[in-house]
Structures are given as C-alpha cells and as structure tokens.
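S.K.: coords please:
(one chain, ligands or ions: 1)
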Amino acid sequence: MLAAYACDPAQTQGRRFPESDAPTRNAFQRDRDRIVHSTAFRRLVYKTQVFLNHEGDLFRTRLTHSLEVAQLARSMARSLGLHEDLVEAIALAHDLGHTPFGHAGQDALNECMAPYGGFEHNLQSLRVVDSLEERYPQFDGLNLCFETREGILKHCSLRNAQLLEAQEPGGVAARFLTKSQPSLEAQLCNIADEMAYNAHDIDDGVRSGLINMAQLEEVALFDDYRRHVQVEFSALSGRRLLYEAIRRMLSDQVYDVLNATQNALAQYEPVSVAAVRTAPALVQFSAPMQQRSTQLKSFLLHHLYRHPQVMQTTDWARQVVGELFAAYLAKPDEMPQGHAKRDNLPRAVADYIAGMTDRFASREHTRMVGQLPAPSHQP
Ligand code: MG
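M.R.: Numbering: from 1, shown residues only. Alright, predicted model coming up:
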C-alpha cells in the first residue's frame, strides 16, 4: 500500500551507528518504540502545553498533544499511502526538546543562552534523540534513522544548520542550506501539529473560561461548524456543542489536507522520496482553508496566549527559568555530575533545565533561589 513517494524503511538512509535489522520490526517501528521507552518521552506528561500542570487535570500536556498529533498524522498517512510508523515516530518525538513551562520556558532559556549560541526547541528535540538520552552501551542517544531525525528537526536557524552540517555533511540540516523539502511524512507531521494545537487550544481555552463561544464568532473556521451543529441540534449547548463543532472542524481539515495534497501530488507526480525533496512542499491545506487556519491562529494568539492570566503565568515561568539558569551557572555542582563536568557549562545547564518537568523545575527553583509561588487560576 506504500506509495512510490513514501519513505520505505528497507531503503532508509540509515542510522549514525550501524545496527543489524530487528527480526520482526521495520526500522521506523523500532524508532517509534525507542522513543516511547525514552526518559524524555515520559517527562512530556508533566510539561506544559499552554496551561501549567497545576491549573487543572483536564488540559493538554505535551504528552497528550503529541498523542493527538500522532493520531491525526497516522490517519492521514494511511490514506495518502505514506509510512504510518515513520509518521508516528516523528509525531511522538517532535516535542521531546521542549522546556518546562511551554513557550515561556523556551523563550527564557533562549535569552539566557543568547551569548552562547541560543536555544531552539526543535534542535533540542534532535539533541535529545542524538545525544542526551543515555540508554545504550554502544552510543549516546537513541540512534534513530535519518528519516525520523529529519522529521524531528522541523525548523533550524541558518547558523545552527551550518554547525550541524559541519558535523554531519549532507545530513539532517543540509535541506536548510539547499532549501529543499523533507519527506512527505515529515511534512505531514508539521501540518498535523498545527491542526492539533489549533483544535485543542480552542477546547482548553473555552473550558478554562479564558475565551468563550461568543468571542469565537469572529473565527470563521470554528463558527461555521458551530452554526451547522446548532441548526442540526437546536437544543445543544455547552461542552457537547463545543466538542461537536471542534470535531467537525478537525474532520474537514483532514479531508481538506488530503484533497489539496492529492492535487499537488497529481501535479508534481513525484516518483520517489528524492523527487519529493526537490519538489515544493506538497502536503498542504487548500488556499481557503489555509486562510481560515491563519485567522484562527491569530485569534488564539491575541485572546488566549496573550490573555492577561496566561501572561501572568508566563512572566512567572520566565523568572523561574532565568533565575534557575543563573543559579546553576554559579554553582554547577548543584547539577548531577554528568552535567556539572561537561566542558561547555552554559550548554550543560540549558540541557539540564530543558529536560526538567514543570514541577521539578519549580522545586529546584525553590531549593536554589527561594520560594516564588506560581500564580494560581483554578478553573
Ligand atoms: Mg507540537
């Protein structure tokens, strides 16, 4: 069922440290399994997506977000004839490099690391699977296939791409220098990520009370479905109305991507993965859906991510991460030996903090710096 333009595990560009094939699993299944068993994957359950963990048990975390991305990406991969195991591996690993406290943590760490080469979460996800996981006797990291690593490195600055390229010529960063495309599996995970967070942030946003259905009337992508549902089920209101509108929105986005991508595939007719790489990006929304999705993103940015209550938490998280970074830099021996003894101390501190869960970072901050109570907004 695999299309000619799909990645084939039998034709993988390989692992950095050669290993013999597994008897019953293909190379991408094996990658997926390695990711699921990694320490960084387990920590995703205690990492913030938008809402801090203590703000409620029902909000998305990085783990549930990653599972939703994997589900969306797999179901689309199957109808496009792409490799489902590869898509699942990329989706489950795509956020492994995320810091505690969501984007606030990442921005703070990037500021702290500005004099030392900065901090990018996509690059950090690659660092986790390439070197930071310590599970195997023969190598650092998980020794994943090229195709999985390529999908994990979804964005990369030019400077970091050049540094990576110097270490691994023609490797996963080369495409940022040659401006070519990654596999369709990687492209699919990107769009599934966007679809997943747009949908679940509406859900979490409304349930938290920070945004409401009336405000969402300005968002055509959501409101059209909401109105259709209310015509069909006039008595419906509250959560069931919200869930049904989101469900229809997601479902239409899936069919839109499948349609638009199939049209692009018909136009460019890539006959191999190599042909996919030199074509323009082929996994896409139709133009009208892209426009509606952009409008929704901008709504969420202004009304949810920049909501005063979210900003209050964000400011707190930035302070925690910034102060923690300074504290470890001044007292490296407060970190575990493996980090304290590394040559590049600022990078060792960044790796250590990036790996923390929200609550561990908060506890360490209290221990090293002093109590700084988190703003509490129980819904
Ligand atoms: Mg994501």
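S.K.: Point me to the helix or strand that includes the closest residue to the ion within the stretch 51-200 of the chain.
M.R.: Minimum separation of the stretch 51-200 of the chain from the ion (CB to the ion) falls at Asp193, amounting to 4.3 Å. From N, CA and C alone the C-beta is placed, and that goes for glycine too. Under DSSP states H and E, the secondary-structure element containing Asp193 is helix 184-208.
S.K.: Which elements pack onto that helix?
M.R.: helix 62-80, helix 84-93, helix 146-152, helix 238-268, helix 287-300 (3 or more CB pairs under 8 Å, 6 or more residues apart in numbering; DSSP states H and E).
S.K.: contacting residues around Phe146?
M.R.: Contacts were defined as CB atoms under 8 Å, 6 or more residues apart in numbering; by that measure Phe146 touches Thr12, Gln13, Gly14, Arg15, Gly171, Val172.
S.K.: again, only this time at 6 Å
M.R.: By CB atoms under 6 Å, 6 or more residues apart in numbering, the residues touching Phe146 are Gln13.
S.K.: circling back to that earlier point, can you tell me which of the helices and strands packed on helix 184-208 is packed in deepest?
M.R.: Scoring those by mean neighbour count under mean count of other CB atoms under 10 Å gives helix 84-93 as the most buried, with a mean of 29.
S.K.: anything in it near the ion?
M.R.: No - judged by CB under 5 Å from the ion, helix 84-93 stays clear of the ion, getting no closer than 8.6 Å.
S.K.: how big is the angle separating that helix from helix 184-208?
M.R.: Inter-element angle recorded for helix 84-93 and helix 184-208: 50 degrees (by axes from the mean of the first three to the mean of the last three CA atoms, to 10 degrees).
S.K.: the bottom helix or strand of the chain by mean pLDDT?
M.R.: Taking all helices and strands of the chain together, the one with the lowest average confidence (mean pLDDT, DSSP states H and E) is helix 337-340, at a mean of 88.
S.K.: Show me the shaky parts of this structure.
M.R.: Residues of the chain meeting the criterion pLDDT under 70: 52-58, 377-379.
S.K.: List the buried residues of stretch 340-348.
M.R.: Neighbour-count burial for stretch 340-348 flags Ala340, Arg342, Leu345, Pro346, Arg347, Ala348 (criterion: 16 or more other CB atoms under 10 Å).
S.K.: List the ones among those residues that fall in helices.
M.R.: Assigned to helices by DSSP state H, the following of the buried residues of stretch 340-348 qualify: Ala340, Leu345, Pro346, Arg347, Ala348.
S.K.: Looking at those, which one is closest to the ion?
M.R.: Distance ranking of these against the ion, using CB to the ion, places Arg347 first at 23.4 Å.
S.K.: What is the burial count for the nearest residue to that closest one once chain neighbours are set aside?
M.R.: The shortest distance from Arg347 to any non-neighbouring residue, by CB to CB, 6 or more residues apart in numbering, is to Tyr116 (6.5 Å). As a burial measure, the neighbour count of Tyr116 was computed by other CB atoms under 10 Å and equals 13.
S.K.: surely Tyr116 meets Pro346?
M.R.: Yes - taking CB atoms under 6 Å as the definition, Tyr116 is a contact partner of Pro346 at 4.1 Å.
S.K.: Over to Gln284. Which of the three states is it?
M.R.: For Gln284, the reduced secondary structure class is coil; criterion used: DSSP: H, G, I helix; E, B strand; the rest coil.
S.K.: so it makes contact with Ala260?
M.R.: Yes - with contact defined as CB under 6 Å, Gln284 and Ala260 form a contacting pair (5.0 Å).
S.K.: measure the residue most central in space within the chain to Asp351 for me?
M.R.: Ranked by distance to the mean C-alpha position of the chain (CA atoms, centre = their mean), the top residue is Asp95 at 3.7 Å. Asp95 sits 16 Å away from Asp351, going by CB to CB, to the nearest Å.
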